[in-house]
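Asks: I'd like to go over a predicted model; first the sequence, then the structure.
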Amino acid sequence: MAFIKQRINLQIGCLNKIKTPNQYYPESIIPFTDNEVFVDCGAYNGDTITLFLEALARQKIYGYKKIFAFEPDPINFQNLLSNHSGLSNIQFINACVYNKTTKLCFDSVGDVRSMITEEKNKKA
């Protein structure tokens, strides 16, 4: 519950305090193969990609088919490139993911608070 509250309230200082290594990939639910395609929508700095690779390693899988990393915030995108440009079979996409093709407003702040917004003065 604390993790959900921190996400709702966007309490940046708490984000790294409340998480578990298997929060996204519990081994009892998600068994991986070496043919995985991972799509990270809102890749931030690549933190979830790192957790994905660690989860593969815990299951003794040392390969994957492809990673697609979408990140619209330009600062976060540069950090993502810096952190993971050495990986093979990864495609970095500096764009939002949405359920239709449209123009969106985006509040780009260079951290986890970057988000789609209704305000017209923000960049899409």
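Replies: Perfect, thanks for sending it. Numbers count the residues shown, from 1 in each chain.

Asks: And the helices in this protein?
Replies: Listed from the start of the chain, the chain has helices (DSSP state H) covering 2-9, 47-58, 74-84.

Asks: residues touching the residue nearest the centre of the chain, list them.
Replies: Central residue of the chain (CA atoms, centre = their mean): residue 43, 2.6 Å from the mean position. Going by CB atoms under 8 Å, 6 or more residues apart in numbering, residue 43 touches 49, 69, 70, 71, 76, 80, 92. No exception for glycine: its C-beta is placed from N, CA and C like everyone else's.

Asks: So it versus residue 56, what's the distance?
Replies: The gap separating residue 43 from residue 56 is 17 Å, by CB to CB, to the nearest Å.

Asks: what about this protein, any weak spots by pLDDT?
Replies: When residues are selected by pLDDT under 70, those of the chain lie in 1-21, 119-124.

Asks: need the strands for it, in chain order.
Replies: In the chain, the segments counted as strands under DSSP state E are 37-41, 66-70, 90-93, 105-107, 115-117.

Asks: The second one pairs with which strands, and in what direction?
Replies: Just to be clear, that refers to strand 66-70. Strand 66-70 has its sheet partners listed here by DSSP bridges as strand 37-41 (parallel), strand 90-93 (parallel).

Asks: contacting residues around that strand?
Replies: Contact with strand 66-70 is made by 37-43, 46, 49, 52, 80, 84, 87, 89-93, 95-97, as judged by CB under 8 Å, 6+ apart.

Asks: One more: the third one?
Replies: By CB under 8 Å, 6+ apart, the residues outside strand 90-93 that reach it are 43, 49, 66-71, 77, 80-81, 84-85.

Asks: can you dump the C-alpha coordinates of that strand into PDB?
Replies: Only the C-alpha atoms of strand 90-93 are listed here, as PDB (Å, rounded to 0.1, in the frame of the first residue of the first chain):
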ATOM      1  CA  ILE A  90      17.300  -2.900 -28.100                       C
ATOM      2  CA  GLN A  91      15.400  -0.100 -29.900                       C
ATOM      3  CA  PHE A  92      15.100   3.200 -28.200                       C
ATOM      4  CA  ILE A  93      12.100   5.300 -29.200                       C
END
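
Asks: start at 308 instead
Replies: Happy to do that; since the first residue is 308 now, the last one works out to strand 397-400.

Asks: All good on my end, thank you.
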